[in-house]
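Undergrad: Okay, predicted coordinates and the sequence, questions at the end:
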Amino acid sequence: MHSGEAITSVKNQYARHAVPYVIGMLVALGLAFYSIVAAITLFVGTLIFFIYQQVTIRRERKAWEQYVHSLSHRIEDVGKEALTGMPIGILVFDEARRISWFNEQSRLIFELEMELGISIDSIHSAFTELIEEEEDEATIEVGDRVYRVLYNREYQTLYLFDMTDEAEIEQKYSETQTVIGVLYLDNYDEMSTAVDEQVRSEINRRVTVLLNQWAQKYHIYMRRTAADRFFLVMNERTLSELENNRFSILDEVREATKEHKIPLTLSIGIGCGETTLTELGNLSQSSLDLGLGRGGDQVVVKRHNGKVRFFGGKTNPTEKRTRVRARVISNSMRDLIRESSRVLIMGHKNPDMDSLGASIGIMKLAEFVGREAYVVIPAGETSVGIQRLVNEVENDEDLYSRFLTEFEAQPLIDEQTLLVVVDTHRPSLVISRDILDRAERVVVIDHHRRGEEFIEDPVLVYMEPYASSTCELVTELIEYQAGTRKLSILEATSLLAGMVVDTKGFTLRTGSRTFDAASFLRIQGADTVLVQHFMRQDLESYIEQSHILENTDIYSDGMAIAVASDDEVHHQVLIAQSADQLLNMEGVKASFVIAILPDGRTGISARSLGDVNVQVIMEMLDGGGHLTNAATQLNVSREQAKTLLQEAIDHYMTDETEGEDSE
């Protein structure tokens with residue numbers, strides 16, 4: 001009770017005590033009509049008793065007021081003690097963010113001679129962010145202590161609570177969280193069939209020893225569940241150590257087996273985060289699938305909150321796919337097409353020769369099976385090479401009638417329509433997202449390394465990052481269906497053109513299977529002269545490309561960056577050609593070309609000869625591709641894109657340096 005409330009209470013007591021005496025006086029006046037003596041006696045007695053009572057109440061009131069006054073001083077002293085002596089730091093500042101008051105605990109926290117008037121920004125940088133970003137709470141570290149900062153905007157006051165013990169408990173809890181992993185020997189089967197039994201036994205022993213030593217060193221529970229598969233259990237602390245070491249076991253196993261015909265590589269999928277063991281197991285398996293889809297020889301760490309981290313995967317993948325798998329996929333495609341009412345084929349936005357050539361190939365495959373098929377093409381402007389191919393297609397009335405725009409293809413979609421997406425696996429890159437969302441049965445055929453974004457629930461996936469192009473994959477599928485049926489010259493040429501463009505004339509990402517597929521197409525009548533016609537560059541685009549390359553700088557250690565003019569719009573194909581041309585310059589390890597695309601976004605095309613993994617760099621910018629060929633599109637200006645690219649290159653170079661140091 002406050003002192004004012006206490007005094008009011010005493011006054012109320014006065015009023016209550018006065019009521020009986022007033023009644024006594026009135027009774028005395030009433031008795032005066034009957035006996036004056038009795039009335040006087042009652043009046044005098046009442047008056048004396050009233051006076052006595054008033055004296056007593058005044059004494060009590062004085063004593064109460066003294067008590068309340070003493071209590072107010074005590075409460076005020078306790079408040080001052082709380083502000084100055086409690087283990088909570090308090091900082092009060094003014095509109096100019098200068099300290100106007102602080103308690104002793106604040107001085108002890110920051111271990112400095114604080115003075116009134118100094119800037120709050122000079123004490124800790126986190127205070128500046130907290131005030132400017134209009135947050136109400138933050139966590140800061142001062143020395144080896146952790147503090148939670150609460151910000152009272154009304155009174156411009158910061159309160160600092162020591163949360164070190166809680167933070168340590170939380171960290172220990174986090175570090176002991178269970179992590180589940182699956183380790184897979186990528187090419188164990190190929191190695192087993194390529195070497196004799198004695199060598200196979202030696203390789204198996206050497207790899208097993210390395211893995212057991214690795215598991216013991218990091219306190220990982222490891223159990224072999226199959227000849228090429230291991231089950232892993234660890235905690236978050238171990239996972240953090242492995243990430244800091246960048247999973248050096250990948251390099252150790254590769255180095256230990258590289259002397260043999262087929263060196264073994266590892267892929268590891270890891271699931272972590274605060275969730276159930278069942279979900280962790282599912283995360284680890286999906287992480288492994290993602291790593292294998294990206295070419296293997298890498299680690300994928302996927303958290304329950306959706307965050308994904310990649311380690312390794314920076315070596316050029318060797319050809320690991322088998323003809324058995326190609327035959328199985330071809331048979332599966334045949335069955336899916338037979339079960340469908342019709343087939344729609346769709347590539348990526350800004351289609352290139354590989355995308356359109358593969359689409360034509362799938363259309364021919366559907367024809368072999370006996371189903372009508374249609375290729376969805378963009379309604380807008382295409383590159384010169386693609387337009388030349390389309391012009392050739394227009395001369396074939398039957399073939400051209402099966403080329404549809406998105407609007408024309410919409411009515412053909414029903415429950416039994418099969419949609420085949422070629423040369424991409426990312427929903428955001430397909431020509432028509434609406435067609436993709438409406439189709440209930442989707443097949444994905446792609447040669448790019450798998451990214452985090454992926455088409456949801458496809459009925460069949462044929463992804464081979466070891467292939468030179470999607471046209472190569474589609475050609476192999478056709479080989480197992482063709483029999484006595486032949487491709488037309490234009491159809492075979494379209495597939496060959498896609499392979500030539502993506503391999504830069506059979507110089508990059510080219511394996512024996514690439515030449516086998518090219519040989520099959522040549523036998524089918526593919527016209528190499530017509531391929532060169534599609535690839536020829538007109539004088540206007542050559543001059544345009546030269547203008548782009550005029551603004552080239554060598555950013556860091558052979559990283560060449562060219563930025564096109566801001567007032568010019570360039571097609572994605574021309575940007576890619578410019579990056580290819582820039583890569584031919586002496587001393588350039590990787591080339592990056594930045595330009596505005598027709599849709600208003602900023603495109604970046606990246607190329608390398610293999611020393612630099614441009615796919616990893618582009619993935620940092622939400623792009624993707626291959627080790628030597630990648631790209632991305634951003635909704636930022638050219639200068640912002642250049643800054644982001646430089647930051648991604650710096651991050652990549654730092655990871656490379658750390659990886660070399662760890663070895």
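TA: Alright, I've got the coordinates. Worth saying up front: this structure is predicted, and the values here are computed from it rather than measured. Residues are numbered from 1 along each chain as shown.
Undergrad: Now do the buried residues in stretch 637-653.
TA: Buried residues in stretch 637-653, counted by 16 or more other CB atoms under 10 Å: 638, 641-642, 644-645, 648-649, 652. (Each C-beta comes from the backbone N, C-alpha and C, glycine too.)
Undergrad: mind putting the residues you listed in TSV, distance to Met353, secondary structure and pLDDT included?
TA: Rendered in TSV, the data for those read as follows (distance: CB to CB, whole Å; DSSP: H, G, I helix; E, B strand; the rest coil; pLDDT from 0 to 100):
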residue	distance to Met353	secondary structure	pLDDT
Arg638	27	helix	88
Ala641	26	helix	91
Lys642	28	helix	92
Leu644	29	helix	93
Leu645	26	helix	93
Ala648	28	helix	91
Ile649	29	helix	92
Tyr652	29	helix	87
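Undergrad: what ranges do the strands span in the stretch 451-600 of the chain?
TA: For the stretch 451-600 of the chain, the strands defined by DSSP state E, counting those that start in this stretch cover 460-463, 552-556, 559-563, 590-596.
Undergrad: winner for burial among these?
TA: Stretch with highest mean neighbour count among the strands of the stretch 451-600 of the chain: strand 590-596 (a mean of 27; mean count of other CB atoms under 10 Å).
Undergrad: ok, residues contacting it?
TA: With CB atoms under 8 Å, 6 or more residues apart in numbering as the test, strand 590-596 has contacts from 548, 558-564, 566, 568-570, 574-576, 578-580, 582-583, 585, 602-608, 611-612, 614, 617, 638, 641-642, 645.
Undergrad: Which entries within those residues meet the buried criterion?
TA: For these, buried by 16+ other CB under 10 Å: 548, 558-564, 570, 574-576, 578-580, 582-583, 602-608, 612, 614, 617, 638, 641-642, 645.
Undergrad: Count the residues that sit near Tyr400.
TA: Neighbour count of Tyr400, defined by other CB atoms under 10 Å: 14.
Undergrad: need the contact list for it.
TA: Neighbouring residues of Tyr400 by CB under 8 Å, 6+ apart: 393-394.
Undergrad: Quick check: which ranges of the stretch 551-663 of the chain have low pLDDT?
TA: Counting by pLDDT under 70, the stretch 551-663 of the chain has low-confidence residues at 656-663.
Undergrad: Swap in 50 and give it another go.
TA: Residue ranges of the stretch 551-663 of the chain with pLDDT under 50: 661-663.
Undergrad: At which residues are the helices of it located?
TA: Using DSSP state H, counting those that start in this stretch, the helices of the stretch 551-663 of the chain run over residues 572-583, 614-619, 638-662.
Undergrad: for those helices, which one sits closest to Ile123?
TA: Comparing those by their distance to Ile123 (CB to CB), the top pick is helix 638-662, with 29.7 Å.
Undergrad: contacts for the closest one?
TA: 245-246, 248, 251, 314, 555-557, 559, 561, 563-564, 566, 592, 594-596, 602, 604, 612-613, 616-618, 620-621, 634, 636.
Undergrad: how about the helices of the stretch 51-200 of the chain, start to end?
TA: 104-110, 125-132, 164-175, 188-194, 197-217.
Undergrad: Switch those over to TSV, and while doing so, append distance to Lys302 and mean pLDDT to every line.
TA: What follows is the helices of the stretch 51-200 of the chain, written out as TSV (distance: least, CB to CB, whole Å; pLDDT from 0 to 100):
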stretch	distance to Lys302	mean pLDDT
helix 104-110	39	77
helix 125-132	30	78
helix 164-175	17	83
helix 188-194	23	76
helix 197-217	21	90
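Undergrad: Surely Leu477 is in contact with Ser330?
TA: Yes: counting by CB atoms under 8 Å, Leu477 touches Ser330, with 4.5 Å between them.
Undergrad: Which pLDDT value goes with Ala358?
TA: pLDDT for Ala358: 95.
Undergrad: Which parts of the helix or strand harbouring it count as buried, going by neighbours?
TA: For Ala358, the host element (DSSP states H and E) is helix 353-369. Using 16+ other CB under 10 Å as the test for burial, helix 353-369 gives 353-367, 369.
Undergrad: Setting the sequence-adjacent residues aside, check what's closest to Ile180.
TA: Counting by CB to CB, 6 or more residues apart in numbering, Ile180 lies nearest to Leu280, which is 4.3 Å off, once chain neighbours are set aside.
Undergrad: A helix includes the one you found, no?
TA: Yes: counting by DSSP: H, G, I helix; E, B strand; the rest coil, Leu280 is found in a helix.
Undergrad: wait, doesn't Thr475 sit right on Ser519?
TA: No: in terms of CB under 8 Å, Thr475 does not count as a neighbour of Ser519; the distance is 10.0 Å.
Undergrad: Could you check which of those two is surrounded by more residues?
TA: Each of Thr475 and Ser519 has its neighbours counted (other CB under 10 Å); Thr475 has more, 32 against 12.
Undergrad: Just the pLDDT at that one, thanks.
TA: 94.
Undergrad: isn't Ser220 right next to Phe230, touching?
TA: Not quite, residue 220 is Ile, not Ser. No: Ile220 is beyond contact range of Phe230, at 9.7 Å (criterion: CB under 8 Å).
Undergrad: how about the helix or strand where Tyr374 lies: buried residues?
TA: Using DSSP H and E, Tyr374 sits in strand 373-376. Buried residues in strand 373-376, defined by neighbour count with 16+ other CB under 10 Å: 373-376.
Undergrad: List the residues that contact the spatially closest residue to Gln545 that is not a sequence neighbour.
TA: With CB to CB, 6+ apart as the criterion, Gln545 has its nearest non-adjacent residue at 4.9 Å, and that residue is Ser578. Ser578 is in contact with 545, 548-549, 562, 593, 595, 605, counting by CB under 8 Å, 6+ apart.
Undergrad: just these now: which is nearest Lys62?
TA: Of the contacts of Ser578, the one sitting nearest to Lys62 (CB to CB) turns out to be Ala595, at 90.8 Å.
Undergrad: ok, so what distance separates Ile99 from Ile90?
TA: 11 Å (CB to CB, to the nearest Å).
Undergrad: For Phe43, give me the pLDDT.
TA: As predicted, Phe43 sits at a pLDDT of 60.
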